[in-house]
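Undergrad: Coordinates for the following, if possible.
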Amino acid sequence: MSESPGVIVLAVHRPEPTLLRRQLESIASQSLEQWICIVGIDGIDHDTASLIHQIIGCDPRFQVVEFADNVGVYKQFERLLGMVNKDSSWIALSDQDDYWHEMKLERLVSALDRFDVTGASCQARVVTAAGVELRRTARRHKPLMSLLIFNEVTGSLSIFKPEVLSLALPFPPQSNAAIHDHWLGVCSTAMKGFYITEDVLQDYVQHSGNVIGEQPPSQAIRAATTDVLFHRATLQKFTTDPWTWRVSMARTLMTRFAPSESAALKVIGQGRLTPTLGRLLLNEAKSQRIPARVAFAMSLGAFRGYRKPRQPTSGSYCGEKVG
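TA: I've put the predicted structure just below:
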């Protein structure tokens, strides 16, 4: 009996046609050929559906789903992942505007088995829409608590074992700071681990329509510092909202799973600044597992206390910047 194919879930919303064509063609050209790609259009868009069918032609591996409602990137990936057959060999996430190198799937699928983990990811060239390289990512493995506080997982660079969905679905409540790949990375790390290779296997395209961009760390630090110090309205955005998201993840994880770091999860799950939480954040920063700016922002958020998650505008595409 042959092994079940893997599944790629690709979220599409008002794409740039040239970039979408390039991405679909790069998926079709993967050296690993046994997969199904669910292309989910977030909201009725007949022109985009027609374009996708024109690009994929008669390739039976692609399945196009045009959803009636526009729910935004977080809920879109949640419902696409809910369509995945639990017998699938693996699951990959895809954005609509990147470019996969030919060996990407083959190498990441191999890493899942070789390192006996539930998730794996790669590095990427960060490029302009014209393909000019700006820099390269430097993703690093982090233990569960460090990853919960500071995300190193980019969904479009990653693949997962299907058992991750038994823990991840349904997603925690949606909010302004909720990020699907952060949650999936946390779930994978809590189960059997998440492996990050040094191999560059993708082009991560930056353009004006990005949902979550790839900011250089120095730029992210300047933006966060300026906003927090000089714009009161964004104190919520950079401290309270991200803190509330991490509390939500910790609480959801504790209700579904019992990882070895459960004591630390309880500290975050309390949702408020305590001496124990302060020491935890300080130790994470001193050990350089998380940036000091992130420890400071989480401390401010915890000091303000857990707030009911702010719901984004219906169908919006928002999220934290990845520094």
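Undergrad: How are the helices of this structure distributed by residue range?
TA: 17-28, 46-56, 73-81, 104-114, 144-149, 164-168, 180-191, 217-230, 233-235, 241-256, 262-269, 275-286, 292-304 (DSSP state H).
Undergrad: Can you list the helices and strands that the fifth one packs against?
TA: Spelled out, that is helix 144-149. Helix 144-149 makes packing contacts with helix 180-191, helix 241-256, helix 262-269, helix 275-286, helix 292-304 when contacts are defined by 3 or more Cβ pairs under 8 Å, 6 or more residues apart in numbering; DSSP states H and E. The C-beta positions use only the backbone N, C-alpha and C, and glycine is treated the same way.
Undergrad: Among the ones you listed, show the one with the smallest mean pLDDT.
TA: The minimum mean pLDDT among these belongs to helix 262-269 (a mean of 90).
Undergrad: Which elements pack onto it?
TA: By 3+ Cβ pairs under 8 Å, 6+ apart, helix 262-269 packs against helix 144-149, helix 241-256, helix 275-286.
Undergrad: which one of these lies closest to Gly119?
TA: The closest of the helices and strands packed on helix 262-269 to Gly119 is helix 144-149. By Cβ to Cβ, the value is 10.7 Å.
Undergrad: before we move on, back to that, looking at the helices and strands packed on helix 262-269, which is buried most?
TA: Sort the helices and strands packed on helix 262-269 by mean neighbour count, taking mean count of other Cβ atoms under 10 Å, and helix 144-149 sits at the top with a mean of 24.
Undergrad: that older thread, for the helices and strands packed on helix 262-269, give me JSON lines that also has distance to Ala138.
TA: As requested, these are arranged in JSON lines below (distance: least, Cβ to Cβ, whole Å):
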{"stretch": "helix 144-149", "distance to Ala138": "15"}
{"stretch": "helix 241-256", "distance to Ala138": "21"}
{"stretch": "helix 275-286", "distance to Ala138": "18"}
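Undergrad: how much space is there between Pro242 and Ala295?
TA: Distance of Pro242 to Ala295, computed by Cβ to Cβ, to the nearest Å: 12 Å.
Undergrad: actually Glu3, not the one I wrote
TA: Glu3 is 44 Å from Ala295, by Cβ to Cβ.
Undergrad: which of these two has more neighbours?
TA: Legend: neighbour count by other Cβ atoms under 10 Å for Glu3 and Ala295, higher for Ala295 (21 against 9).
Undergrad: strand partners of the top strand by length along the chain, parallel vs antiparallel please.
TA: The residue-count maximum for a strand in the chain (DSSP state E) belongs to strand 194-206. Strand 194-206 pairs in its sheet with strand 99-100 (antiparallel), strand 119-128 (parallel), by DSSP bridges.
Undergrad: Tabulate those strands (JSON lines), appending distance to Ile290.
TA: Formatted as JSON lines, these follow (distance: least, Cβ to Cβ, whole Å):
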{"stretch": "strand 99-100", "distance to Ile290": "29"}
{"stretch": "strand 119-128", "distance to Ile290": "18"}
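Undergrad: Tell me, how many residues neighbour Ala49?
TA: Going by other Cβ under 10 Å, the residues that sit close to Ala49 add up to 16.
Undergrad: Ala264 contacts Leu280, correct?
TA: Yes. Using Cβ atoms under 8 Å, Ala264 makes contact with Leu280 at a distance of 6.2 Å.
Undergrad: what residues are shared contacts of the two?
TA: The contact sets of Ala264 and Leu280 overlap at Met145 (Cβ atoms under 8 Å, 6 or more residues apart in numbering).
Undergrad: If Val127 is in a bridge, with which residues?
TA: Glu133, Val205.
Undergrad: residues contacting Ile290?
TA: Contact analysis of Ile290 by Cβ under 8 Å, 6+ apart lists 146, 149-150, 281, 284.
Undergrad: run the last query once more with 7 Å
TA: By Cβ atoms under 7 Å, 6 or more residues apart in numbering, the residues touching Ile290 are 146, 149-150, 284.
Undergrad: cool, Asp95 as well?
TA: Per Cβ under 7 Å, 6+ apart, neighbours of Asp95: Ser156.
Undergrad: phi, psi of it?
TA: The phi and psi values for Asp95, taken as degrees, to the nearest 10, are phi -90, psi 170.
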